[in-house]
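Asker: curious how this folds, go ahead:
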Amino acid sequence: MRSMHGLGVFSAIAAAAWLGGAEAPTKLVTAGYTPVVVSLCMIVGVFFARWTLPTFLKGTTYVLHDLRRKPHLIPWAILAGAVWAVANTLTIVAVRDVGLAIAFPLWNVNSIVGLFWGWLLFGELHGADAKTTARVVGGALAIMAGAFVLARTTAGSGTVSSARVTSGVAAALGAGLLLGTMYIPYRKAYLSGLNPLSFVTIFTLGELAVVTTLAFTLHSGGPSTMEQLRSARPSVLWLFLGGFCWVIGDIFQQYGTKYVGISRAIPLSNTNQLWGLIWGALVFGEFVHFTRTAQAMIFCASAVMILGALAISFAAAPEGERDSCHRAIARECTRYDMNLEKTLAAQYGEEISDAKHPRRWWDWLILAIALGVFVHFAVDARTPPIAIRYGYAALLTAVMLTFLVAGGWVLWKRTRFA
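Answerer: Take a look at the predicted model:
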């Protein structure tokens, strides 16, 4: 159990680094691109990543076999993707209106929402001792307090109009509500023993359908979506990469959610707000026009939120809570006629199966198509039309790659990406 808790925590930390860096390209919304067009371009990258990464790691034969064993989870995965598409568009609105460094902590109140759903629906914290419960509840209150201070500090910074602040804060909090609710299908899938790589493959169908609908129906009376896409073509590569990076972070987050639950993995991965602050402050210079008092308040409030998230995340589940989790797994097995032994084994990173899943020729075709799309966007790429400090950007990218190698190695060694 200690091994699985440590694995879940480490996966969530790696997720934080990649989810934070993935939001950096959304700064292009400040260059005049509409939020739905930015979101659409990012989700193109998300779509390709959600198919190519599982294909690269396990192969399509494995993914299809896993889904055939648990077909009842396919609608849940599509629903989760649809909710994420709306939430992602709202995060881009928030970045446009109040900046990356401020929007990040506000929409990360999703940890509170996820904590509530984990407790209500999946038995998390049921049977936990007073110390564990106090850590989780205290951490949630710290996150709420930090978010409130950040909202007030933003409103008083004088850098944007009051109307723009209101819309930005509302969009960020709305995104947090949707993102927190999105974790219900996550947890349901992993209590049923579904592999995270299989889940994210179907997840992308819902998000692509919804964001495409948004992009071609909402453009605020301005140029059509196709006209905006043509004008954004030199920047599509950066948005595509943002979506690709987001999926890497999301896969780490999925493994964290599987092994330590919503109430612990989500707050810890929400330390991506620290990465949002670093990218916003160092790479994009968002704090230049803030007063020193405002900057101090922003950093202090973010620190409070991070400490609250850490308090939640390191509250390891005691025996009573683990028994509650086992009862939730047994309930899912009874409801959907699944094998309890295999489902429990999957919960602890093991797979009981004699089936072989060899690589097929179409696996390599999928990878080749994804590479071709990347090259196509790279040919037309131009320097982003925003101020960027490239030295800091290169340094942060190197740190993200370090997390990728270390996190991938740990998951492979312990579970073979089970």
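Asker: under the pLDDT cut-off, which ranges of the stretch 201-350 of the chain? List them.
Answerer: Within the stretch 201-350 of the chain, the segments meeting pLDDT under 70 span 218-225.
Asker: sorry, that was for the stretch 51-200 of the chain
Answerer: Across the stretch 51-200 of the chain, the ranges flagged by pLDDT under 70 are 100-101, 151-152, 154-163.
Asker: could you pull out the helices for it?
Answerer: 60-69, 74-98, 100-107, 110-122, 130-155, 162-191, 196-215 (DSSP state H, counting those that start in this stretch).
Asker: mean neighbour count, those: which tops it?
Answerer: helix 100-107 (a mean of 28; mean count of other CB atoms under 10 Å). Heads up, the C-betas are built off the backbone N, CA and C, glycines and all.
Asker: only alpha carbons, please: show that one as CSV.
Answerer: In CSV, the C-alpha atoms belonging to helix 100-107 read as follows (Å, rounded to 0.1, in the frame of the first residue of the first chain):
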residue,chain,number,x,y,z
LEU,A,100,-2.2,32.9,-16.8
ALA,A,101,-0.7,33.5,-13.3
ILE,A,102,-4.1,34.5,-11.8
ALA,A,103,-6.4,32.2,-13.7
PHE,A,104,-4.5,29.0,-12.8
PRO,A,105,-5.1,29.1,-9.0
LEU,A,106,-8.8,30.1,-9.5
TRP,A,107,-9.8,27.2,-11.7
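Asker: how far off helix 74-98 does it point, in degrees?
Answerer: Going by axes from the mean of the first three to the mean of the last three CA atoms, to 10 degrees, helix 100-107 is angled at 140 degrees with respect to helix 74-98.
Asker: what's helix 100-107 packed up against?
Answerer: helix 74-98, helix 130-155, helix 162-191, helix 272-278, helix 292-313 (3 or more CB pairs under 8 Å, 6 or more residues apart in numbering; DSSP states H and E).
Asker: for residue 295, give its distance to residue 288.
Answerer: For residue 295, the distance to residue 288 equals 10 Å [CB to CB, to the nearest Å].
Asker: sorry, back to before: how about TSV for the helices of the stretch 51-200 of the chain, with distance to residue 356 added?
Answerer: As requested, those are exported to TSV (distance: least, CB to CB, whole Å):
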stretch	distance to residue 356
helix 60-69	9
helix 74-98	23
helix 100-107	43
helix 110-122	33
helix 130-155	42
helix 162-191	24
helix 196-215	17
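Asker: so which of those gets nearest residue 318?
Answerer: Nearest to residue 318, of all the helices of the stretch 51-200 of the chain, is helix 130-155, at 6.0 Å by CB to CB.
Asker: give me the phi and psi angles of residue 384.
Answerer: phi -60, psi 140 (degrees, to the nearest 10).
Asker: pretty sure it contacts residue 238?
Answerer: Yes - counting by CB atoms under 8 Å, residue 384 does reach residue 238; the two are 5.7 Å apart.
Asker: where do the contact lists of those two overlap?
Answerer: Residues touching both residue 384 and residue 238 by CB atoms under 8 Å, 6 or more residues apart in numbering: 25, 28.
Asker: the two: who's more crowded?
Answerer: residue 238 (23 against 17; other CB atoms under 10 Å).
Asker: which residue sits closest to that one, ignoring its sequence neighbours?
Answerer: residue 25 (4.6 Å; CB to CB, 6 or more residues apart in numbering).
Asker: the one you found contacts residue 42, doesn't it?
Answerer: Yes - between residue 25 and residue 42 there is a contact at 6.9 Å, judged by CB under 8 Å.
Asker: so the two - more neighbours on which side?
Answerer: Neighbours were counted for residue 25 and for residue 42 using other CB under 10 Å; residue 42 has more, 29 against 26.
Asker: and the more buried one, what is it in contact with?
Answerer: 25, 26, 88, 239, 240, 242, 243, 246.
Asker: list the residues that contact the nearest residue to residue 87 once chain neighbours are set aside.
Answerer: Spatially, and ignoring its direct neighbours in sequence, residue 87 is nearest to residue 178 (3.9 Å; CB to CB, 6+ apart). With contact taken as CB under 8 Å, 6+ apart, residue 178 is in contact with 83, 84, 86, 87, 90, 110.
Asker: run through the helices of the stretch 301-418 of the chain in chain order.
Answerer: With DSSP H, counting those that start in this stretch as the criterion, the stretch 301-418 of the chain has helices spanning 319-336, 340-347, 361-380, 390-415.
Asker: need the winner for burial among those.
Answerer: Most buried among the helices of the stretch 301-418 of the chain, counting by mean count of other CB under 10 Å: helix 340-347, with a mean of 17.
Asker: run through the neighbouring helices and strands of that one.
Answerer: When contacts are defined as 3+ CB pairs under 8 Å, 6+ apart, helix 340-347 packs onto helix 162-191, helix 319-336.
Asker: let's have those in TSV, adding distance to residue 124.
Answerer: Shown next, in TSV, are the helices and strands packed on helix 340-347 (distance: least, CB to CB, whole Å):
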stretch	distance to residue 124
helix 162-191	8
helix 319-336	7
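Asker: right, and the ones you listed - which one's nearest residue 400?
Answerer: Per CB to CB, nearest to residue 400 of the helices and strands packed on helix 340-347: helix 162-191, 20.8 Å.
Asker: for that closest one, the distance to its chain's centre please.
Answerer: Chain-centre distance of helix 162-191: 11 Å, with CA atoms, centre = their mean, to the nearest Å.
Asker: okay, the angle between it and helix 340-347?
Answerer: Using the same axes, to 10 degrees: helix 162-191 against helix 340-347 is 140 degrees.
Asker: the more surrounded of residue 295 and residue 288?
Answerer: Between residue 295 and residue 288, residue 295 has the larger neighbour count (other CB under 10 Å), namely 16 against 10.
Asker: give me every residue that touches the more buried one.
Answerer: residue 287.
Asker: please shift the residue numbers so they start at 34 in all later answers.
Answerer: Sure, I'll start numbering at 34, so the last one becomes residue 328.
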